[in-house]
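[1] Fold the following and give me the result.
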Amino acid sequence: MKQRFLLAIAVAMGLLAAFLTKLYLSDMEEGFKKREADLRGRYRPSEAVVFWNDMPQDSLIKKDDMGHSMVPASALRPGAVRVEDYEQLVGKRTVNYVAKGKVVFWSDIEGGEMTLHSGFSGEITKGMRAHSINVGGSASVSGLVRPNDKVDVIGTFVLDSPDRPNEKEQVTLTVLQNVNVLATGRETSRSMSRISADRASSYSMVTLEVTPREVETLVACEQNRGKLTLALRHPEDPNYEEELPTVDFKFIRETLSTLNKTRQQNNSRRSPPATLW
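    Sure, this is the predicted structure:
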């Protein structure tokens, strides 16, 4: 009797183990199927428009410059030029460098209107913000600043003088360096035509791509009646000055001689400017 009871328990345990094993294998199989479907969808070949050669910024696009190629579907983020639309690129210019064999997106093309977002927000990098500042005349480098340019933002403020009570003094300092320009006035890289890019235009607002913390800094500068000025940079110059001074008239008077002497030395060597202070 006891042996039969133990046998029955052993059989029941075996059946339970078989059931649990089957359930586990079924869940594993379902997981594998989902993973396989995800990989197939991500890496399935899809036809895309690509350039046959490297296309530097401002390259005139000809029909022979591009064609169709099979690429993984994961490479086709929103805004890719559809195969049936590629002829619309002929005669336009690139606003960004596009490497040989890379998928072409409307954001890389002047006047590109086909993006994921119909509004301007689609041109802002994720995690960044667009913020407009008032500029004009010399503050915008005589209107020569264009969308996609890199600039430094310099602020000038009238503050209480630390040396002369009840008096004000003007100080200037660099607020931000190497900032991307999203728009000048209402002109963006998508709306910018070749003709308008070749001449200076008039605008009073420049929209910059900045972090949330930098937005607060710019707003605080403007609320403190600061005048913001732009300094245009070379597009391939990543140089960052760590300790730029706060400049007032006393500082100018004390460093003017050194400033000009260093500039003359740099001009004679034709080398990038050295640190002046």
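[2] drop to CA atoms for contacts and neighbour counts, all remaining ones
    Noted.
[3] buried sites along the helix or strand hosting E216?
    With secondary structure defined by DSSP states H and E, E216 is part of helix 212-223. Buried residues in helix 212-223, counted by 16 or more other CA atoms under 10 Å: 214-215, 218, 221-222.
[4] same deal with stretch 59-70?
    Buried residues in stretch 59-70, defined by neighbour count with 16+ other CA under 10 Å: 59, 61, 66, 68-69.
[5] Now tell me what touches the longest strand along the chain from outside.
    Across the chain, the longest stretch assigned as strand under DSSP state E is strand 168-184. Applying CA atoms under 8 Å, 6 or more residues apart in numbering, the contact partners of strand 168-184 are 123-124, 130, 145-161, 188-189, 203, 205-210, 214, 233, 238, 240, 244-249.
[6] C-terminal to the lowest-mean-pLDDT helix or strand in the chain, what's the next element?
    One helix or strand of the chain scores below all others by mean pLDDT, DSSP states H and E: helix 194-197, with a mean of 45. Per DSSP H and E, the first helix or strand lying C-terminal to helix 194-197 is strand 205-210.
[7] Who are the packing partners of that next one?
    Other elements packing on strand 205-210 under the criterion 3 or more CA pairs under 8 Å, 6 or more residues apart in numbering; DSSP states H and E are strand 129-134, strand 168-184.
[8] so where do the helices sit in the protein?
    2-43, 194-197, 212-223, 249-269 (DSSP state H).
[9] So, low pLDDT: which residues of the chain?
    Within the chain, the segments meeting pLDDT under 70 span 1-12, 14-20, 23-45, 72-78, 111-119, 122, 136-140, 162, 190-201, 269-277.
[10] contacting residues for the closest residue to R225 other than its chain neighbours?
    Using CA to CA, 6 or more residues apart in numbering and skipping the chain neighbours, the partner closest in space to R225 is F157 (6.8 Å). When contacts are counted by CA under 8 Å, 6+ apart, F157 is found next to 170-172, 224-227.
[11] Give me the domain ranges for this protein.
    Here the domain assignment for the chain is 45-116, 129-161+173-238, based on automatic domain parsing.
[12] Redo the ones you listed as JSON lines? Include distance to T262.
    Below are those laid out as JSON lines (distance: least, CA to CA, whole Å):
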{"stretch": "domain 45-116", "distance to T262": "34"}
{"stretch": "domain 129-161+173-238", "distance to T262": "20"}
